[in-house]
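Chemist: Turn this into a structure:
(4 chains)
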Protein chains: 2
Amino acid sequence: MRRTQQREAILGFLKVTRAHPTAEQTHAAVRQGMPSLSLGTVYRNLGRLLDEGLVRELPAGPQGRRYDAVLEPHHHFFCTRCGKVEDVYPGLPSTVKEAMIRSIDREVTQFRLQFFGLCESCARPDNQDREVSERCQR
Amino acid sequence: MRRTQQREAILGFLKVTRAHPTAEQTHAAVRQGMPSLSLGTVYRNLGRLLDEGLVRELPAGPQGRRYDAVLEPHHHFFCTRCGKVEDVYPGLPSTVKEAMIRSIDREVTQFRLQFFGLCESCARPDNQDREVSERCQR
DNA sequence: GTGAATGCAAAACTTTTGCATGTAA
DNA sequence: TTACATGCAAAAGTTTTGCATTCAC
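Modeler: Presented below is the predicted three-dimensional model:
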């Protein structure tokens, strides 16, 4: 895979952010330091990096699919109200994990835990009636 | 929520199928017995049934978001080659599950396990070079 | 030099929405 | 009777693609 400035910038951004950005958000962020970057290039690179296993794709929420390239093993918490995705580190003994994978009797290359609920901001009583856009970073 | 023929038919279909259909596939299937059913109505009902917790949404694969309404607790295996989704029943002691949920320190309303790999059909050596569409039910 | 990658813009898909009409309660 | 749901079609939003040009190797 050829090392282009665009690819390095996109991957670099996804490696450090913890925001699980969409393609659009990635484009907006990386473009700050590279104004000519096109959205098409972001999509093509996300596809390429996904193939190479350098990037992970998360379920499409209200704003579309989300991505991250954080290598450290972690799982995800999805806010069902605002769509935000947070990293979580649930305790799961590796023996249990391995037994679980063995029990489904398939060739598993990846394993994920997903938790759903309200994020801290959406759960706060004084925020119940405010629009998501007014109070929540997504 | 009003009980319409369309809503009953859509929910009924999602309760019995194990194919985790997309909105489009659901439309095609339910339409067989109700030719006037529109795709817009399928989307509106999926949204409504999702709000009521009667239907679950799965991550968008290559063909878009997928749905199921199977009540029995189960988790999912995603084929990374053809996009098929299969139900799996991994062994996970409830004490471990509860400890895991407690460990992330958030209000969790739902918890899912997702496994990724190649499905039986995509993993078969003689299928390696054939197009996905030629050999795989999605 | 050459093939892979990019920018741009159009096209293809997926999902949502407005509005007139139909229908369950 | 009336508010909710539907069908249709247009609009909005997301993702992919064709093509000429640029750039990494």
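Chemist: residue ranges of the strands in chain A, please?
Modeler: Secondary structure of chain A (DSSP state E): strands located at A:56-61, A:64-68, A:75-79, A:85-88, A:108-117.
Chemist: quick one: contacts for the closest residue to A:V88 other than its chain neighbours?
Modeler: Leaving out its chain neighbours, the residue that sits closest to A:V88 by C-beta to C-beta, 6 or more residues apart in numbering or on different chains is B:I104, at 4.3 Å. For every residue, glycine as well, the C-beta is placed using N, CA and C. Listed by C-beta atoms under 8 Å, 6 or more residues apart in numbering or on different chains, the contact set of B:I104 reads A:F77, A:V88, A:Y89, A:P90, A:F115.
Chemist: Any idea what the last one is bridged to?
Modeler: Per DSSP bridges, residues listed as beta-bridge partners of A:F115: A:F77, B:F111.
Chemist: Lowest-scoring secondary structure element of chain A by mean pLDDT?
Modeler: Least confident element among the helices and strands of chain A, by mean pLDDT, DSSP states H and E: helix A:132-135 (a mean of 61).
Chemist: Mind pulling up the pLDDT for the residue nearest to A:V88?
Modeler: B:I104 is assigned a predicted lDDT (pLDDT) of 92.
Chemist: In PyMOL, select just the buried ones from the contacts of B:I104.
Modeler: PyMOL command restricting these to the buried ones, with burial defined by 16 or more other C-beta atoms under 10 Å in any protein chain shown:
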select buried, chain A and resi 77+88+90+115
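Chemist: would you turn the contacts of B:I104 into a markdown table with distance to DNA strand D and pLDDT?
Modeler: A markdown table is the format used below for the contacts of B:I104 (distance: C-beta to the nearest atom of the strand, whole Å; pLDDT from 0 to 100):
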| residue | distance to DNA strand D | pLDDT |
| --- | --- | --- |
| A:F77 | 20 | 91 |
| A:V88 | 23 | 95 |
| A:Y89 | 27 | 95 |
| A:P90 | 27 | 93 |
| A:F115 | 22 | 90 |
